[in-house]
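>>> model this:
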Amino acid sequence: MSMSWFKFVRCAGWYLNTCPGRQLKVQYDEMKTANCMNCDKFFHCQGNYNAVHVCGKTTINIRIAKKISDCREAAQDASSVDSQEDQKANKFGREGGTTDSTTTEATTTTITTTTTTTTTTTTTTTTTTTTTSTTTTTATMTTTTTSASIWSLSIPTNATWSQTGITVAGNSNGSSGSDLRSLFTPVDIFIDNNYTLYIADRDNNRVVKYYANTTVGVLVGGNGTSGRTSRLLSGVKGIAVDQYGNAIVADSDNYRIQSFPPSSTVATTLASNSSTLLIGQMRDLHINVNNIIVITDSTYSRVVKFNSSSGVCTIIAGINGAGSRADQFSSPFGNFIDENETLYVADNGNDRIQNGPLAVIVDNNGYMYISDSGNNRIVKWTTNYSAGGICVVGCTGTGGTAANQLQAPRDLKFDANGNLYVSDQGNHRVQKFTIQT
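Below is the predicted model of the structure:
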């Protein structure tokens with residue numbers, strides 16, 4: 001007796017799908033494509049789509065309908081099928097998700113599949129619940145897969161950070177420079193799965209990255225010369241990296257969004273200023289799990305989202321122009337969207353929340369971490385807003401170049417362990433503050 005064996009997974013995240021008789025690696029991502037990793041063949045998860053794919057000596061039927069992907073291996077013995085029923089897909093995280101050897105990881109994946117077949121039609125109903133939790137001694141990264149995966153950083157409510165910063169990029173004495181050991185007004189920063197630090201080095205007109213535990217940067221895009229070619233940048237003010245490793249850059253003085261692939265310093269323009277798409281001075285950008293780019297546009301005092309697939313740009317906040325009303329901004333800088341898709345904006349011109357706020361991040365507790373640039377510090381606001389902000393780092397009361405001081409900090413990010421990184425733009429450096437709790 002022989003029969004077909006089915007493995008169902010949602011088209012979201014990254015999966016290793018083990019079929020009977022051999023390991024078939026099928027990769028699913030948020031752009032709704034399925035990829036056989038044995039030969040890099042891609043399939044699109046759009047509509048109802050069936051494909052017969054020959055990989056080596058094995059024929060694999062890839063059936064894609066709506067958001068469910070069915071990897072159908074060739075017919076197997078019933079006993080082989082039974083022995084494989086409990087195999088599960090391994091799911092790997094994305095932005096901010098990986099941890100080092102000190103991390104304790106617990107992964108639970110429950111897949112329930114019911115298949116009913118008549119002689120004429122086949123109806124498949126699949127319920128997938130996937131929970132992945134990775135815990136370190138300091139912070140927990142949790143992802144829940146529903147229609148899309150969203151990484152959220154959960155910082156312990158009683159967390160504190162070392163008051164002595166470690167310079168991880170740039171010069172610790174606060175001096176600027178154009179060599180790859182130096183920075184010149186670093187603004188936006190981004191940290192990927194591997195703890196690689198990306199920096200929008202504004203006045204050097206470039207984006208550089210620093211691998212973990214290195215002090216020499218690597219060029220991602222731009223070369224120090226202001227320009228508008230596909231290799232050059234001008235006044236770069238935003239950086240984020242998508243799930244494919246593309247560096248998405250707010251090339252602000254050129255009024256365009258550039259995408260640099262992982263292995264090239266030649267960019268593709270995703271969006272640029274035109275009569276139908278007005279892009280002003282971009283101060284910050286983020287990418288959500290659906291590859292939607294969220295941009296803070298200071299020129300028009302608004303926040304917009306850009307769909308790189310459709311090319312459609314939509315205003316999501318600040319539709320009524322500059323001002324101080326609740327539905328208006330004045331020269332907004334940083335933005336952040338939490339797992340509930342609530343938008344937070346550092347409304348710089350209105351000094352809302354703090355003195356000249358430039359960046360904001362919100363953790364799973366609902367606590368806001370704000371770059372209080374005018375006061376040369378990072379502050380935390382709990383959900384008890386009436387209590388005011390609590391100083392996190394840079395608490396000396398004055399700006400300076402000492403390890404416990406900041407000078408007009410611009411952006412902040414956390415790594416997967418809860419360590420805090422600050423772009424200390426006035427000191428032309430990026431500081432790391434180690435979590436203590």
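
>>> determine the number of other residues adjacent to the residue lying closest to residue 350 once chain neighbours are set aside.
Leaving aside its chain neighbours, residue 350 sits nearest to residue 330 (4.7 Å; criterion: C-beta to C-beta, 6 or more residues apart in numbering). C-beta coordinates here come from the backbone N, C-alpha and C atoms, glycine included. A count of nearby residues for residue 330, using other C-beta atoms under 10 Å, gives 17.

>>> I figured residue 330 was touching residue 346, is that so?
No. If you go by C-beta atoms under 8 Å, residue 330 and residue 346 don't touch, sitting 11.3 Å apart.

>>> right, and the helix or strand after the host helix or strand of residue 369?
Applying DSSP states H and E as the criterion places residue 369 in strand 368-372. Scanning forward in sequence from strand 368-372 by DSSP H and E, the next helix or strand is strand 377-381.

>>> sheet partners, orientation included, of that following strand?
strand 368-372 (antiparallel), strand 390-393 (antiparallel) (DSSP bridges).

>>> what is the end-to-end distance of stretch 335-349?
Start and end residues of stretch 335-349 are separated by 14 Å (C-alpha to C-alpha, to the nearest Å).

>>> so which bits of that stretch are buried?
By neighbour count on 16 or more other C-beta atoms under 10 Å, the buried set for stretch 335-349 is 335, 336, 337, 338, 344, 345, 346, 347, 348, 349.

>>> residues contacting that stretch, please?
Stretch 335-349 has contacts (C-beta atoms under 8 Å, 6 or more residues apart in numbering) with 150, 152, 284, 286, 288, 294-296, 298, 301, 303, 316-317, 322, 329-334, 353, 356-362, 364, 368, 370-371.

>>> which among the residues you listed end up buried?
So, by 16+ other C-beta under 10 Å, the buried ones in the contacts of stretch 335-349 are 150, 152, 284, 286, 288, 294-296, 298, 301, 303, 316-317, 322, 329-334, 353, 356-362, 368, 370-371.

>>> report how many residues lie close to residue 261.
Residue 261: 15 neighbours (other C-beta under 10 Å).

>>> then residue 293?
Counted with other C-beta under 10 Å, residue 293 comes out at 24.

>>> name the helix or strand for it, please.
If you go by DSSP H and E, residue 293 is part of strand 292-297.

>>> what's next to that strand, contact-wise?
238, 240, 248, 250, 257, 270, 279-288, 303-308, 316, 318, 332-335, 337, 343, 345.

>>> repeat for stretch 169-179
Under C-beta under 8 Å, 6+ apart, the answer for stretch 169-179 is 181-186, 197, 199, 203-204, 208, 210, 215, 217, 224, 401, 403, 407, 424, 426-430.

>>> mind listing which of the contacts of stretch 335-349 are in strands?
Assigned to strands by DSSP state E, the following of these qualify: 150, 152, 284, 286, 294-296, 303, 316-317, 357-362, 368, 370-371.

>>> would you list every one of the helices in the chain?
Along the chain, counting by DSSP state H, helices occupy 78-84.

>>> poorly predicted segments of it, please.
Applying pLDDT under 70 to the chain flags the ranges 1-152, 275-277, 320, 327, 339-340, 351-356.

>>> domain assignment for it?
2-135, 166-433 (automatic domain parsing).

>>> what about residue 383, how many neighbours?
9.

>>> same deal with the one 5 residues further on?
Look at residue 388: counted by other C-beta under 10 Å, it has 10 neighbours.

>>> which ones are touching it?
So residue 388 contacts residue 381 (C-beta under 8 Å, 6+ apart).

>>> next one: it from residue 229, what distance?
48 Å (C-beta to C-beta, to the nearest Å).

>>> same check, this time on residue 251
Counting by C-beta to C-beta, the gap from residue 251 to residue 229 is 11 Å.

>>> of these two, which one has the most company?
Legend: neighbour count by other C-beta under 10 Å for residue 251 and residue 229, higher for residue 251 (27 against 10).

>>> ok, the more buried one to residue 316 distance?
From residue 251 to residue 316 the distance is 21 Å (C-beta to C-beta).

>>> could you pull out the strands for the stretch 151-300 of the chain?
Secondary structure of the stretch 151-300 of the chain (DSSP state E, counting those that start in this stretch): strands located at 166-170, 186-191, 197-201, 206-210, 218-221, 236-241, 247-251, 256-260, 268-272, 282-287, 292-297.

>>> show me what the fifth one is packed against.
Taking 3 or more C-beta pairs under 8 Å, 6 or more residues apart in numbering; DSSP states H and E as the contact definition, the neighbouring helices and strands of strand 218-221 are strand 206-210, strand 247-251, strand 256-260.

>>> now, of the ones you listed, which is deepest in the fold?
Among the helices and strands packed on strand 218-221, ranked by average contacts under mean count of other C-beta atoms under 10 Å, first place goes to strand 247-251 (a mean of 27).
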